[in-house]
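J.: how would this look folded up:
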Amino acid sequence: MDARKKKTVFAIVEREGRCWWRPLGVGHVNADGTIDVRLDAFPQGGALQLRDVRPRGFAGEVVT
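T.: Purely as a prediction, here's the structure:
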C-alpha cells in the first residue's frame with residue numbers, strides 16, 4: 001500500500017497554553033478519496049488531526 005494512503009489520527013489536547021498531539025488511531029485513504037478512520041480510544045472534546053504516517057522509529061507525542 002502507498003505510504004501516502006496511510007494516516008495517523010491524533011487528538012489535539014490543549015493544556016497550560018500548549019498543544020499536545022496524542023496518537024489515537026489510523027486512517028486509510030480509499031480509491032475514491034474518502035478516508036476510513038479507526039480509533040483505539042475516544043477523544044475527550046478535542047480536535048482530531050490526520051497526518052501522513054511518520055517513518056519508523058518515531059516515538060512520543062508531538063508538541064506545538
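J.: Skipping its backbone neighbours, what lies nearest Ala11 in space?
T.: In space, not counting the residues next to it along the chain, Ala11 is nearest to Pro43; the distance is 4.2 Å by CB to CB, 6 or more residues apart in numbering. C-beta coordinates here come from the backbone N, C-alpha and C atoms, glycine included.
J.: Hmm, I typed the wrong one, I wanted His28.
T.: Asp36 (5.0 Å).
J.: roughly how far apart are that neighbour and Cys19?
T.: When distances are taken as CB to CB, to the nearest Å, Asp36 and Cys19 turn out to be 26 Å apart.
J.: Over to Val9?
T.: From Val9 over to Cys19 (counting by CB to CB), the distance is 15 Å.
J.: And Asp32, by the same measure?
T.: With the distance defined as CB to CB, Asp32 ends up 32 Å from Cys19.
J.: quick one on the thing from earlier: among Asp36 and Cys19, which residue is more densely surrounded?
T.: Neighbours of Asp36 and Cys19, each counted by other CB atoms under 10 Å, are more numerous for Cys19; the result is 15 against 10.
J.: My guess is the more buried one contacts Ile12. True?
T.: Yes: counting by CB atoms under 8 Å, a contact exists between Cys19 and Ile12, whose distance comes to 5.5 Å.
J.: Quick one, grab the pLDDT at the residue nearest the centre of the chain.
T.: Nearest to the centroid of the C-alpha atoms of the chain, with distances taken as CA atoms, centre = their mean, sits Val9, at 1.9 Å. Listed pLDDT for Val9 reads 94.
J.: quick one: strands adjacent to the biggest strand by length in the chain?
T.: If you go by DSSP state E, the chain has its longest strand at strand 18-29. The sheet places strand 18-29 alongside strand 6-15 (antiparallel), strand 35-39 (antiparallel), strand 62-63 (antiparallel), with pairing taken from DSSP bridges.
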